[in-house]
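1. just a sequence and a predicted model for now, questions to come.
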Amino acid sequence: MSDGNIDLTNDLREAAYSVPIEKLDPAQAILFQNDAMWPYFERLRKEDPVHYVEDHEFGPYWSITKYNDIMEVDTNHDVFSSEGGITIAEQTAGEGPLPMFIAMDPPKHDIQRKTVSPAVSPINLALLEPLIRERAGKILDSLPIGKEFDWVDKVSMELTAMTLATLFGMPQEDRRKLTYWSDVVTAAPGQGLIDTIEQKMQIFVEYHAYFTAMWNERVNAEPTGDLISMLAHAEATRNMEPREYFGNVVLLTVGGNDTTRNTITGSVLALNQNPDQYAKLRADPSLIPSMVSETIRWQTPLAHMRRRALRDYELGGKLIKKGDKVVMWYVSGNRDEEVIENPNAYIIDRARPRQHVSFGFGIHRCVGNRLAELQLRIIWEEILKRFPDIKVVSEPKRVFSTFVKGYEKMMVVIPSRL
């Protein structure tokens, strides 16, 4: 099994170092699907941390690969705008990019974010915790012992879909629709899930119709604590355009689903690849919160975020011009040797495990970051009560994407119960 701690084979390294630096383009989904992007980012951090890619299918872009440069871009929303989209890919189908608060600048961003943030407030998370724990326990108790099964499907997708359905106030029997729609949002045509952009748009019509019906239900009822009711009743959002509402639903679906589920899978993989750390965790379950943060750094569930320069700006000795697309590679910033000690190692008791850029920084810092950490903490508290070991039995199948850094499938065996 290839090592997520960057077991760089000579072939991979040679490929990354054989290209002239000005031609180096890390935004290739095939690299991420094969877990082969690491030497590309290593080279860019060393040789050209603020790197211009002139020729790319989605147009030219700046590639920002070092921790402190990423922080500079991410925290400077006056210069680097989120308007129009957050991924390197441009949404050209339909009517162009969907409006959503992560792809907005203040003041509109702040108003819309404030509307939904009570759903993931500390008070609400305390109320959710026993429910998440009960569900996690039931999921784990239903797993087969001594037989291979897909951890992604049986555990990671299940727990996150259940939690997200609760936040949306939708029936639990519909929870896997959220998983499916989330996958469709980030899927590239011809990679297994969808064949064409037209098919994707058709699925979006069904997705939109489902949540429109939910809005109509909530807007005519007394306010409740779910996300749809919050949007339907809040002064700032109750008159939003249907596309804007749908854009925010898409954002909350992908944000609440992909990131946590891929980190749950990533935690099992990382501990398998680092048996000394797994032994350390079993010996001392109080390390779970620290392990969770280290996994979020190590996994980096969203590989990048994109901005656009509102004016000329100098960064790392390079002139980024007004209108230029700027891609912050969180996946690279989290492996920056100058900021994070021994960054390619997975160490669950690091001195500063929360020092990572996986959630972003500044005004767009992930609104659900504490919920993600809560779900990961609970699932591992419940795992350690039940199973002495979870063994990954084959190389996981990774997602074909430069945005979602995740897993389609990962086969495991649980040899025994405690």
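-> Yes, it's here.
2. could you measure from residue 16 over to residue 333?
-> Separation of residue 16 from residue 333 (C-beta to C-beta, to the nearest Å): 18 Å. Quick note: C-beta positions are derived from backbone N, CA and C, even for glycine.
3. now residue 238
-> 38 Å.
4. likewise for residue 175?
-> In this view, residue 175 and residue 333 are 33 Å apart by C-beta to C-beta.
5. now swap in residue 323 and tell me
-> For residue 323, the distance to residue 333 (C-beta to C-beta) stands at 24 Å.
6. higher neighbour count, those two?
-> Neighbours per residue (other C-beta atoms under 10 Å) separate residue 323 from residue 333, with residue 333 holding more: 29 against 10.
7. quick check: phi and psi on that one?
-> The phi and psi values for residue 333, taken as degrees, to the nearest 10, are phi -60, psi -30.
8. does it touch residue 65 like I think?
-> Yes - Residue 333 is in contact with residue 65 according to C-beta atoms under 8 Å; the separation is 7.0 Å.
9. what is the subsequent helix or strand relative to the helix or strand of the chain with the lowest mean pLDDT?
-> When each helix and strand of the chain is scored by mean pLDDT, DSSP states H and E, helix 108-116 comes last, with a mean of 70. Downstream of helix 108-116, the next assigned helix or strand under DSSP states H and E is helix 122-141.
10. that next one packs against which elements?
-> In terms of contacts (3 or more C-beta pairs under 8 Å, 6 or more residues apart in numbering; DSSP states H and E), helix 122-141 is packed against helix 157-168, helix 369-386.
11. counting by contacts, list what whichever strand or helix holds residue 228 packs against.
-> Using DSSP H and E, residue 228 sits within helix 227-233. Contact here means 3+ C-beta pairs under 8 Å, 6+ apart; on that basis helix 227-233 packs against helix 108-116, helix 157-168, helix 197-219, helix 242-273.
12. need those in a markdown table with distance to residue 69 and mean neighbour count, can you?
-> Compiled in a markdown table, those are given as follows (distance: least, C-beta to C-beta, whole Å; neighbours: other C-beta atoms under 10 Å):
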| stretch | distance to residue 69 | mean neighbour count |
| --- | --- | --- |
| helix 108-116 | 23 | 18 |
| helix 157-168 | 31 | 23 |
| helix 197-219 | 34 | 15 |
| helix 242-273 | 23 | 23 |
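13. hang on, the earlier thing: now the helices and strands packed on helix 122-141 as TSV including distance to residue 254 and mean pLDDT?
-> Listed next are the helices and strands packed on helix 122-141 as TSV, based on distance: least, C-beta to C-beta, whole Å; pLDDT from 0 to 100:
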stretch	distance to residue 254	mean pLDDT
helix 157-168	10	91
helix 369-386	13	93
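14. quick one: closest of those helices to residue 229.
-> With C-beta to C-beta, the closest approach to residue 229 among the helices and strands packed on helix 122-141 belongs to helix 157-168: 9.6 Å.
15. and the closest one with helix 122-141, angle?
-> With axes from the mean of the first three to the mean of the last three C-alpha atoms, to 10 degrees applied, the angle from helix 157-168 to helix 122-141 works out at 150 degrees.
16. dump the helices and strands packed on helix 227-233 to JSON lines, plus distance to residue 381.
-> Shown next, in JSON lines, are the helices and strands packed on helix 227-233 (distance: least, C-beta to C-beta, whole Å):
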{"stretch": "helix 108-116", "distance to residue 381": "27"}
{"stretch": "helix 157-168", "distance to residue 381": "13"}
{"stretch": "helix 197-219", "distance to residue 381": "32"}
{"stretch": "helix 242-273", "distance to residue 381": "12"}
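17. out of the ones you listed, which gets the lowest mean score?
-> Least confident of these, judged by mean pLDDT, is helix 108-116 with a mean of 70.
18. from residue 45, how far off is the most far-flung residue of the chain relative to its centre?
-> No residue in the chain sits farther from the centre than residue 220, which is 33.6 Å out by C-alpha atoms, centre = their mean. Distance, residue 220 to residue 45, by C-beta to C-beta: 54 Å.
19. leaving out sequence neighbours, find the closest residue to residue 129.
-> Of all residues not flanking residue 129 in the chain, residue 374 sits nearest, at 6.5 Å (C-beta to C-beta, 6 or more residues apart in numbering).
20. relative to residue 19, how far out is the one you found?
-> Distance from residue 374 to residue 19, by C-beta to C-beta: 42 Å.
21. these two: who's more crowded?
-> Legend: neighbour count by other C-beta under 10 Å for residue 374 and residue 19, higher for residue 374 (21 against 12).
22. hang on, that one packs against residue 128?
-> Yes - here residue 374 reaches residue 128: they are 7.4 Å apart, a contact under C-beta under 8 Å.
23. need the nearest residue in space to residue 71, chain neighbours excluded.
-> Leaving aside its sequence neighbours, residue 71 sits nearest to residue 361 (C-beta to C-beta, 6+ apart; 5.7 Å).
24. count of residues packed around the one you found?
-> For residue 361, the neighbour count with other C-beta under 10 Å is 17.
25. ok, now which ones touch it?
-> 70, 71, 74, 75 (C-beta atoms under 8 Å, 6 or more residues apart in numbering).
26. farthest-separated two in those?
-> Greatest spacing in the contacts of residue 361, by C-beta to C-beta: 70 and 75 (9.4 Å).
27. which of the residues in stretch 321-329 are buried?
-> By neighbour count with 16 or more other C-beta atoms under 10 Å, stretch 321-329 contains the buried residues 324, 325, 326, 327, 328, 329.
28. again, but for stretch 113-132
-> 113, 115, 116, 119, 120, 124, 125, 128, 132.
29. same check on stretch 175-183?
-> 175, 177, 178, 179, 181, 182, 183.
30. check stretch 36-53 too.
-> For stretch 36-53, a neighbour-count test (16+ other C-beta under 10 Å) marks 36-45, 48-51, 53 as buried.
31. tell me the pLDDT of residue 105.
-> Looking at residue 105, its pLDDT reads 64.
32. make that residue 277, sorry
-> Listed pLDDT for residue 277 reads 98.
33. against residue 266, how distant is it?
-> Taking C-beta to C-beta, one finds residue 277 at 13 Å from residue 266.
34. kindly report the same for residue 132.
-> Counting by C-beta to C-beta, the gap from residue 132 to residue 266 is 19 Å.
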